[in-house]
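Student: Predicted model follows, preceded by the sequence.
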Amino acid sequence: MKHRARLLAGDGRRFRPRLAVLIPALAAVAIALTPAGSASPPSSGIKQYTACLAQAATPTTCNTSALPGGSLVSLTLTLTNANTSTQSVGSANVDGPLDSSGKVVFPINLDASKGPLPTFVSGSGTFGTNSSGELKLRNLNVPVGSKLTVSFSVSTPCTGSGTWKVPAKQSNDFLGNGNDFSLVQSGGLASSIGSGNCKLVWLYPPNNANKSAVVTNTAYTPAIGGNVHAVTVEAVGSDGVTPIDLNTGTASASVTHGTFDCGASCGTFTGLTSTTFQHGVATFPSLSSAFTGAGFMLQGSATGLQSTADSDPFAISIDGKPCDPTASCSLSNEMLGGRNDSRLDVSASSGLTFLAVNSATYDPTSHPCGTNFVHVAGTTGFEELHGGVPTGLKVTYYVNQNSINATYGKNVGAQYIPICAGTFKVVNGVIAPCPNFDDATDTTGWPADQLDSSGRFTGVVVHAICRPDGRYWGIVPSFQDKTDPAGGPRTASWGSATIDGAGYRFFTMTVPPDWDYKGGV
């Protein structure tokens with residue numbers, strides 16, 4: 001199972017569950033049949049009828065004032081020939097409401113592949129040439145005092161309202177003059193959408209990206225094509241699945257979680273406004289950030305739609321790349337700070353879907369490796385991210401020799417120095433944050449070196465301590481400590497190197513598959 005490693009994260013809360021969207025139940029509100037104010041009975045008063053439009057879920061309630069938005073909704077229309085009539089109802093039309101531009105507000109479904117077609121529930125008759133805005137009911141022959149019920153389904157928008165019309169005639173083919181029936185009572189003909197029914201969902205959510213590169217749905221792959229898509233949202237109905245044919249307005253994205261390496265005041269994203277909706281879909285083709293960080297989650301929103309759930313966490317990295325899981329994958333000579341600050345190599349023999357590097361710094365006032373740890377001034381730590389690592393990692397960390405000398409003194413020579421690391425435990429491919437915060441008696445952490453009050457090695461092996469960010473933090477042991485290399489991160493070798501004219505001390509560490517890692521000095 002894939003996971004994204006966050007090494008040296010700020011808040012350690014990237015493991016929130018996705019938010020569930022609750023769909024409110026529609027309340028059935030009974031509305032009594034009321035006189036139709038616009039109807040004028042014929043002078044003879046012998047052709048009169050009533051109409052009741054209802055949702056199929058509450059067919060006895062003449063009410064369509066809270067239809068679920070963005071759905072295919074079943075309606076039933078009941079026509080009753082009044083007891084005072086002396087003629088049969090022969091035909092009628094069911095005319096859907098139109099908006100100000102003449103567009104049908106609630107299109108009648110005539111496609112069997114999408115849902116139920118119009119049908120006679122009680123009584124009998126035939127349909128004329130129906131359209132999305134009108135049903136033609138013919139050859140009805142509804143006797144005096146009898147009812148006819150027809151059912152049909154409509155596609156509802158996210159917002160909208162209007163009033164249906166149901167003119168009726170004595171003739172069976174809706175022809176002729178002077179044979180109109182008068183609508184004397186009606187209910188449910190005024191239809192509207194209940195609030196908050198339609199939703200916005202992630203069609204292609206954001207994934208890890210390099211700084212200043214376009215964020216797409218595929219880690220560290222900015223070029224659109226094939227299975228790589230721009231970050232995309234989609235408008236759907238109340239069921240969370242049915243697409244809505246929305247063609248106006250835009251969506252916006254906002255950052256709900258995440259920390260920029262340079263701090264909240266300097267970091268930002270651009271491209272947080274989408275393209276115009278086209279058939280319910282809107283994209284963010286220029287979403288990016290020039291600042292690195294991790295744990296970012298986005299939420300999409302648009303007028304008239306419920307907002308998306310938070311996206312899965314993603315990072316903006318110094319450098320990252322997609323990997324072929326069947327082959328080795330590596331990044332080399334990654335500069336973490338200034339040109340002569342610190343650098344990193346990281347590699348795995350196989351199993352990665354992506355690999356990336358970020359810089360990271362420590363808070364000297366609350367260092368996760370304890371107050372005895374001495375930070376090498378002028379040096380930047382690292383954060384490594386990957387998409388699954390069943391074979392383990394090899395990490396080589398380069399620290400400027402002059403910075404080491406300035407911190408520890410020139411008499412340190414070529415000996416090993418303390419390296420602070422934070423790790424997550426990985427169980428069955430899933431990161432499992434540690435639960436026992438700041439418990440020095442907890443022995444579930446990996447083997448770590450102990451430091452005295454001056455920051456020197458004591459020669460005692462202890463356990464890494466669980467910190468509030470969910471990682472086990474400790475000083476990385478070396479092979480000289482005789483710890484089990486499968487027990488946690490361990491330094492296998494160290495030495496000196498000259499890169500771009502600057503002298504560095506390097507430390508090559510191994511990280512077993514069941515630990516996720518970040519570190520620095």
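Tutor: Nice, thanks for sending it over.

Student: Tell me the gap between stretch 398-413 and the middle of its chain.
Tutor: Centroid displacement of stretch 398-413 relative to its chain, using Cα atoms, centre = their mean, to the nearest Å, is 46 Å.

Student: neighbouring contacts of that stretch?
Tutor: With Cβ atoms under 8 Å, 6 or more residues apart in numbering as the test, stretch 398-413 has contacts from 340-345, 374-379, 417, 496-497, 499, 502-507, 521. C-beta: built from backbone N, CA, C; applies to glycine.

Student: Dump it to CSV, keeping only the CA atoms.
Tutor: Below are the C-alpha coordinates for stretch 398-413, written out as CSV (Å, rounded to 0.1, in the frame of the first residue of the first chain):
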residue,chain,number,x,y,z
TYR,A,398,27.0,16.0,3.4
VAL,A,399,27.8,18.7,6.0
ASN,A,400,30.2,21.5,5.4
GLN,A,401,33.5,20.8,7.2
ASN,A,402,34.0,24.4,8.2
SER,A,403,30.6,24.4,9.9
ILE,A,404,31.5,21.3,11.9
ASN,A,405,34.8,22.9,12.9
ALA,A,406,33.1,26.1,14.0
THR,A,407,30.7,24.1,16.2
TYR,A,408,32.8,21.3,17.6
GLY,A,409,36.4,22.7,17.2
LYS,A,410,39.1,21.6,14.8
ASN,A,411,40.2,18.8,17.1
VAL,A,412,37.2,16.8,16.1
GLY,A,413,39.1,15.5,13.1
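
Student: Check whether residue 483 really touches residue 490, as I assumed.
Tutor: Yes: taking contacts as Cβ atoms under 8 Å, residue 483 lies within contact range of residue 490: 5.9 Å.

Student: Give me the more crowded residue out of the two.
Tutor: Applying other Cβ atoms under 10 Å to residue 483 and residue 490 shows that residue 490 carries more neighbours, namely 22 against 19.

Student: State the pLDDT value of that one.
Tutor: You'll see residue 490 listed with a pLDDT of 94.

Student: Same question for residue 136.
Tutor: pLDDT, residue 136: 98.

Student: Just give the nearest non-adjacent residue to it, would you?
Tutor: Leaving out its chain neighbours, the residue that sits closest to residue 136 by Cβ to Cβ, 6 or more residues apart in numbering is residue 128, at 3.0 Å.

Student: Residue 457 now?
Tutor: The nearest residue in space to residue 457 (Cβ to Cβ, 6+ apart) is residue 449, at 5.7 Å.

Student: Also residue 426?
Tutor: Once flanking residues are discounted, residue 426 sits nearest to residue 514: 5.0 Å by Cβ to Cβ, 6+ apart.

Student: and the one you found, how far is that from residue 461?
Tutor: Residue 514 is 19 Å from residue 461, where distance means Cβ to Cβ, to the nearest Å.

Student: Mind checking which of these two has more residues around it?
Tutor: residue 514 (20 against 16).

Student: what about that one, distance to residue 431?
Tutor: Residue 514 is 11 Å from residue 431, where distance means Cβ to Cβ.

Student: try residue 224
Tutor: 30 Å.

Student: If you count surrounding residues, which of those two has more?
Tutor: Higher neighbour count among residue 224 and residue 431: residue 431, with 18 against 14, using other Cβ under 10 Å.

Student: these two touch, right, that one and residue 423?
Tutor: No: taking Cβ under 8 Å as the definition, residue 431 is not a contact partner of residue 423, at 9.9 Å.

Student: what residues are shared contacts of those two?
Tutor: Listed as contacting both residue 431 and residue 423 by Cβ under 8 Å, 6+ apart are residue 516.

Student: What subset of the contacts of stretch 398-413 is buried?
Tutor: Listed as buried from these are 340-345, 374-376, 378-379, 417, 504-507, 521; burial here means 16 or more other Cβ atoms under 10 Å.

Student: how about low-confidence regions in the stretch 1-150 of the chain?
Tutor: Within the stretch 1-150 of the chain, the stretches with pLDDT under 70 are 1-45, 57-58.

Student: Please repeat the previous calculation with a cut-off of 50.
Tutor: Along the stretch 1-150 of the chain, segments meeting pLDDT under 50 span 1-44.

Student: can you pull out the strands in it?
Tutor: 48-55, 64-67, 72-81, 91-95, 119-122, 126-127, 134-138, 147-155 (DSSP state E, counting those that start in this stretch).
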